Structures are given as C-alpha cells and as structure tokens.
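Novice: Provided below are the primary sequence and the corresponding predicted coordinates.
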Amino acid sequence: MARADDPQVSAVEELEQRSDDPAAMAVAPELMAQSFREYVRAWVARVRAGDAGILPVVGGLLVISILFQSLNSHFLTAGNLVNLLIQGAVYMLLAMAEVFVLLLGEIDLSAGFVAGLGGVVMAELIKQGTDWPWAAAIVVALLVTAAIGALHGTLITRIGLPSFVVTLAGLLGWQGVMLLVLGQGGVVPINSKVVNDLTSGQLTVAASWIVMLVIVGLYAARTWLRDARRRASGLVAPPVSLTLLRMAGALAAGIVVVVVCNANRGVVTPIRGLPWVVLIVLAVVAMWSFLLGRTRFGRYVYAIGGNPEAARRAGVSLSLIRTACFTLASFTAGIAGIIYASRLRSVSTSIDGGTLVLYAVAAAVIGGTSLYGGRGKAAHAVLGGLVIAAIDNGMGLQGYSAYVRFIVTALVLLAAVTIDALTRRGRTA
C-alpha cells in the first residue's frame, strides 16, 4: 500500500487536480516517468499519438542542411552559417512577435510594417540634423511600436473587431505612415556605429567563450534547481538523467555555436567572434520564455487560447490580456525592425513588410505554434525562423529566382499546418 507522503502519490494527486487541462494530461505519462527509459518510452507513445512537439522542425532543419550542403558545399561553412544566423534574426524576432497573438487564436498581419516603422523612427531620430542619442532613439521607436500594438488590441477587444481586419488595415495604414515619414528622399542612412554594430559587430574570441559558459551555466543551474525543487516537493519532474542530458545538450550546442562563430570568416581582414545580434535574440527568447512559461500572465494567455470562455468564468480579464499580447507583439516587431535597419545600415521605402509578416507567421507555425491557439513557445519560433532563413539562404546560394523561394516556403508552411491540424485531431481523439 502506498504511503501518503510517497512522491509518486503526490504526483498523481497533482495530475488529478489538473485533470480538466487536456495539455497537462497529454504530457502526464512522460512527466511521471521514473527513469530515462520510461521517459523515452512515454515520449515515443506521445509522438505516435500525434503530438510530435519540435521533432518536425528539428528534422526539417537536418533535411534542409543535408540537401543544400549536397547542392553547394559552401552552405555549412562557418561564414555562411554565421551569415544565416544574422539574416534569420529578423525572422526569429518577428516569429516570436506572432507567437503572442497566435497563442490567443488571433493573428497580426501588420507586424512587418510595424517593424519597418520602428526602424524608420529610430533612423529619423539619429540621422544628421536630429542627432538624438542612439539609446533614446531606440527607446522611442520601441514605445511607438508598443503603442501601435496597444491601439490594435483596444480596437479588437473593446469594439469587437476581428484581428484579421484590424491588422490588415494596419498593414496598409502603417505602410502609408512609413512612406509619409520617409518623404521624397525614400532612404535614410544610419551612421551610428553602435546601431550598425548590432548586426555587424561581434565579441572577441575570448569573450565569446566566456559569455557562452555564463549563459549555459545559468541555464543549467536554473534547470537543476527547478527539477530538484519539484522532486523535493513531491511534484512531477523529469528523471535526473534527463535533467543532466538537457544540461549536456545545452553545453554541446553552445560549444558548436561558439566554435563556428570563432572561425575566421573574413576575406581581407580576419573576422571572428559571436555576433551581437545572436545575444540580442537569446535575450528576447529568455525574456519571453520566462514571461509565458513562469508567470501568471503566461498561464492566462495559454488559458485564453485553449478555452476563452472557461478563462473568462475563472476571472481572467480577456480584454486586458489580449491587449497586452498585441502590445508585446508590436513591441517585439519593433526590435526586429531595428535589427533589420541595422543589417541594411539604412531604412527605405523598399521595406517589404508584407513578405516579412508572411515569413513571420510561417516561422511561428513551422516552429510548432498552433493556429488554433493555446500551444506554442517563443523558443520554438526561433527554430522556425532558422528554417525560413535556411531555405532563403540555401536557395540564394543556388541562384534560384524569387518565385522558387516563395513556392518552396509555401510548401513548407503547408506541411507545418498539416502537422498542426493532424496533431490537434490526434490530441482530441
């Protein structure tokens, strides 16, 4: 007979208390595993049931890498991989912006031109003649984009307008505002070295190793303490072997990234080190992962996406949470716009916000964020952004035309949505 203080009994009681949460029950066998073998067995059963998690996007990255490397041996060189990370940063950030609204079962079609407007505001403030400090210009640009998101959220929640219509109007309207601000010239160069170094600058070789070890160390400490605390409290937690494996995997990934970035990728002069933009993306991922995964706000977001009526009856302010999500989405899009302007060292009327937002939605969905709401993570959107960037980069190396890139990206998106629909059907069954 099991004791009342048995951790296994406590874990079962916790799961029974959460029996009204389909997502929690879906992962229950995996969390209840007492050994690594049991965990793998439960994970395989979950994949067979249709809940593949990030497996499709990871498999897609491997297939894409093998395919393009076989077509062009330059694809997996250090220089191209670092270039891919820099190019993909905008897609990753925009995908994380879309995650906030997709989790609610909504969509934001204006993110591309909101990002462009953020870059334009920053560039206008730091250009010669205005001469604002770069930090103040970035803060103002982000505040402007956040205000745009708050406006969208207010129209959607207070008046009851569909998010598709509001953000489609935003796509058109903010493009017009961007053109109005740029005026006749059409191009505003960015002469701030600090702003340009956000994408073109890099750490030293030694600093790259130190930063990587600090980041991995913080992740490992947080993972170990979290799992140990749950075990001590008798709550469900993965086996110790899996915790150690995750820590080792993070260290291995960090070593690979730093080794690639520290390789000389310069043509005339040596260029080595971890690009600053990688750290910016990691900081945004960590910030939004904590917000969505470890705070009451995040739990409310998932609750609304899973069942808005149940969340409302539980006392959650749907209008406040939804408005906050649209605000955070536009704020994150503003970060993407600043990075985009930094990479081009200018802003112009040629910013194609329509294509950017379509890539952002594709990246979020490819990363595993459900179009039906209630499922997705910021970190997974980064993987989806990598897939989009890899496709764009690889086909660029092959010299394919733009129409081929659009067709291939569309097919990948359809595959991701199909997996999402089949997963949802399997979870329902």
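Specialist: Perfect, I can see it now. Residues are numbered from 1 along each chain as shown.

Novice: and residue 300, which of the three is it?
Specialist: helix (DSSP: H, G, I helix; E, B strand; the rest coil).

Novice: was I right about it contacting residue 315?
Specialist: No. When contacts are counted by CB atoms under 8 Å, residue 300 is not listed as touching residue 315 (9.8 Å). Quick note: C-beta positions are derived from backbone N, CA and C, even for glycine.

Novice: higher neighbour count, those two?
Specialist: residue 300 (21 against 7; other CB atoms under 10 Å).

Novice: Sketch out the helices for the stretch 301-429 of the chain, chain order is fine.
Specialist: For the stretch 301-429 of the chain, applying DSSP state H, counting those that start in this stretch gives helices covering 308-313, 318-344, 353-366, 378-398, 402-428.

Novice: Which of those sits closest to residue 137?
Specialist: When the helices of the stretch 301-429 of the chain are compared by CB to CB, helix 318-344 sits nearest residue 137, at 9.2 Å.

Novice: So which bits of the strand or helix carrying residue 250 are buried?
Specialist: Per DSSP states H and E, residue 250 falls inside helix 240-262. Buried residues in helix 240-262, counted by 16 or more other CB atoms under 10 Å: 242, 243, 246, 247, 250, 251, 254, 257, 258, 260, 261, 262.

Novice: same for it, what does it pack against?
Specialist: Under the contact criterion of 3 or more CB pairs under 8 Å, 6 or more residues apart in numbering; DSSP states H and E, helix 240-262 touches helix 36-48, helix 78-102, helix 205-232.

Novice: quick one: contacts for residue 247?
Specialist: 216, 219, 220, 223, 224 (CB atoms under 8 Å, 6 or more residues apart in numbering).

Novice: Tell me which residues touch residue 202, please.
Specialist: 208, 261, 271, 272, 273, 274, 275, 276.

Novice: can you list those in TSV and add distance to residue 365 and pLDDT?
Specialist: As requested, the contacts of residue 202 are exported to TSV (distance: CB to CB, whole Å; pLDDT from 0 to 100):
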residue	distance to residue 365	pLDDT
208	32	94
261	29	93
271	34	89
272	36	92
273	33	93
274	29	94
275	27	94
276	28	95
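
Novice: Got a quick ChimeraX command for the buried subset of the residues you listed?
Specialist: Burial among these is assessed by 16+ other CB under 10 Å; the matching ChimeraX selection reads:
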select :208,261,271,272,273,274,275,276
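
Novice: Just the contacts of residue 202: which are in helices?
Specialist: Of the contacts of residue 202, the ones assigned to helices by DSSP state H are 208, 261, 276.

Novice: quick one: which of those residues is nearest to residue 341?
Specialist: Looking across the ones in helices among the contacts of residue 202 and measuring by CB to CB, the closest to residue 341 is residue 276, at 14.5 Å.

Novice: how close does the nearest residue to that closest one once chain neighbours are set aside get to residue 262?
Specialist: Counting by CB to CB, 6 or more residues apart in numbering, residue 276 lies nearest to residue 201, which is 4.9 Å off, once chain neighbours are set aside. Separation of residue 201 from residue 262 (CB to CB, to the nearest Å) stands at 15 Å.

Novice: got it, and residue 310?
Specialist: The value you get for residue 310 to residue 262, if CB to CB is used, is 50 Å.

Novice: Which pLDDT does the model give residue 175?
Specialist: Listed pLDDT for residue 175 reads 93.

Novice: Revised request: answer the last question for residue 148.
Specialist: At residue 148, pLDDT is 96.

Novice: The one 3 residues further on too?
Specialist: Confidence at residue 151, expressed as pLDDT, is 96.

Novice: surely residue 201 meets residue 274?
Specialist: No. The pair residue 201 and residue 274 fails to qualify as a contact (CB under 8 Å) at a distance of 10.2 Å.

Novice: give the contact list for residue 288.
Specialist: 96, 99, 100, 328, 332, 378.

Novice: rerun that using 7 Å as the cut-off
Specialist: Listed by CB atoms under 7 Å, 6 or more residues apart in numbering, the contact partners of residue 288 are 96, 378.

Novice: Please identify the buried residues of stretch 299-319?
Specialist: Buried residues in stretch 299-319 (16+ other CB under 10 Å): 300, 301, 302, 303, 304, 305, 306, 307, 308, 311, 316, 318.
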